[in-house]
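Visitor: I'd like to go over a predicted model; first the sequence, then the structure.
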Amino acid sequence: MAGKVIILCAPSGSGKTTLAKHLLNQEMFNLRFSTSATTRKKRENETNGIDYHFITIKEFENKISQGEFIEYEKVYDDVYYGTLKSEIKELIKNYNIIFDVDVIGALSLKKYFTEQALTIFINPPSLEELRKRLIERGLNSKDDLEERLNKAKKEIEMKLSFDHSVTNDKLDFTKSKISEIVKVFLKN
């Protein structure tokens, strides 16, 4: 493998997608986004093949049985996410890769890529702030919101398993902090 791997992880609503896009825009990092496969419904502003590979549960389960994933997880009822081996194989020859995944996926990827990988956990400022952000996004039902917050509590407990943990309370500062962490990692 030629490239290195940056793995961002955060509870839903903590800003990891915004931070991943920030890192992708830093040309010196030579980063490409790893597009995960998922069975969840496509949101209005998302593009299949760019944001995610949207596939059916049956297709996803077939890919599992054929060993096509580096890692995968059933995150919510009937919602799988996973990293396709085919997605990574070509990218890593010429680029560094950035992943935007959940905690279990991040730890699985770290185990797979070992010292070629850097894991960064993005903390929300507080669970109450996280609740506020999720409500403002307006994408979740009340039950879904509670499920996401309960999952966030469990994810936050696992942040010590990551190489770095950064609290996203001031976006510009957080962007600068993770850029510096990535810069140091890619130089070594």
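Guide: Here it is on my side, so go on. Numbers count the residues shown, from 1 in each chain.

Visitor: got a list of contacts for the helix or strand of the chain with the lowest mean pLDDT?
Guide: Every helix and strand of the chain was ranked by mean pLDDT, DSSP states H and E. The lowest is helix 127-137, at a mean of 78. Outside helix 127-137, the residues that touch it by CB atoms under 8 Å, 6 or more residues apart in numbering are 11-14, 124, 140, 145, 148-149, 152-153, 169. C-betas here are computed from N, CA, C, even on glycine.

Visitor: in PyMOL, select just the buried ones from these.
Guide: In PyMOL, this line selects whichever of the contacts of helix 127-137 come out buried by 16 or more other CB atoms under 10 Å:
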select buried, resi 11+12+13+14+124+140+145+148+149+152
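
Visitor: between all of the contacts of helix 127-137, which two are at the greatest distance?
Guide: Maximum pairwise distance among those (CB to CB): 21.8 Å, between 140 and 169.

Visitor: what about the helices in the protein?
Guide: Secondary structure of the chain by DSSP state H: the helices cover 16-24, 57-65, 85-94, 103-113, 127-137, 142-157, 171-187.

Visitor: worst mean pLDDT among those?
Guide: Comparing mean pLDDT across those, the weakest is helix 127-137, with a mean of 78.

Visitor: buried sites along that one?
Guide: So helix 127-137, judged by 16+ other CB under 10 Å, has buried residues 130-131, 133-134.

Visitor: distance from the chain centre to it, please.
Guide: When distances are taken as CA atoms, centre = their mean, to the nearest Å, helix 127-137 is centred 19 Å away from the chain's centroid.

Visitor: helix 142-157 and that one, what's the angle between them?
Guide: With axes from the mean of the first three to the mean of the last three CA atoms, to 10 degrees defining the directions, helix 127-137 sits at 140 degrees from helix 142-157.

Visitor: output helix 127-137 as CSV - backbone C-alpha positions only.
Guide: Taking C-alpha atoms only, helix 127-137 is exported to CSV below (Å, rounded to 0.1, in the frame of the first residue of the first chain):
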residue,chain,number,x,y,z
LEU,A,127,-24.8,15.8,24.7
GLU,A,128,-27.2,18.7,25.1
GLU,A,129,-25.4,20.6,22.2
LEU,A,130,-25.5,17.4,20.2
ARG,A,131,-29.3,17.1,20.8
LYS,A,132,-29.7,20.7,19.7
ARG,A,133,-27.7,20.1,16.5
LEU,A,134,-29.7,17.0,15.6
ILE,A,135,-33.0,18.8,16.1
GLU,A,136,-31.8,21.7,14.0
ARG,A,137,-30.9,19.4,11.2
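
Visitor: ok so, going back, which of the buried residues of helix 127-137 sit farthest apart?
Guide: 131 and 133 (7.4 Å).

Visitor: spatially nearest residue to the most centrally placed residue in the chain (excluding sequence neighbours)?
Guide: Using CA atoms, centre = their mean, the residue of the chain that lies closest to the mean C-alpha position is residue 100, 1.8 Å off. Excluding the flanking residues, the one nearest residue 100 by CB to CB, 6 or more residues apart in numbering is residue 20, at 4.6 Å.

Visitor: thank you kindly, that will do.
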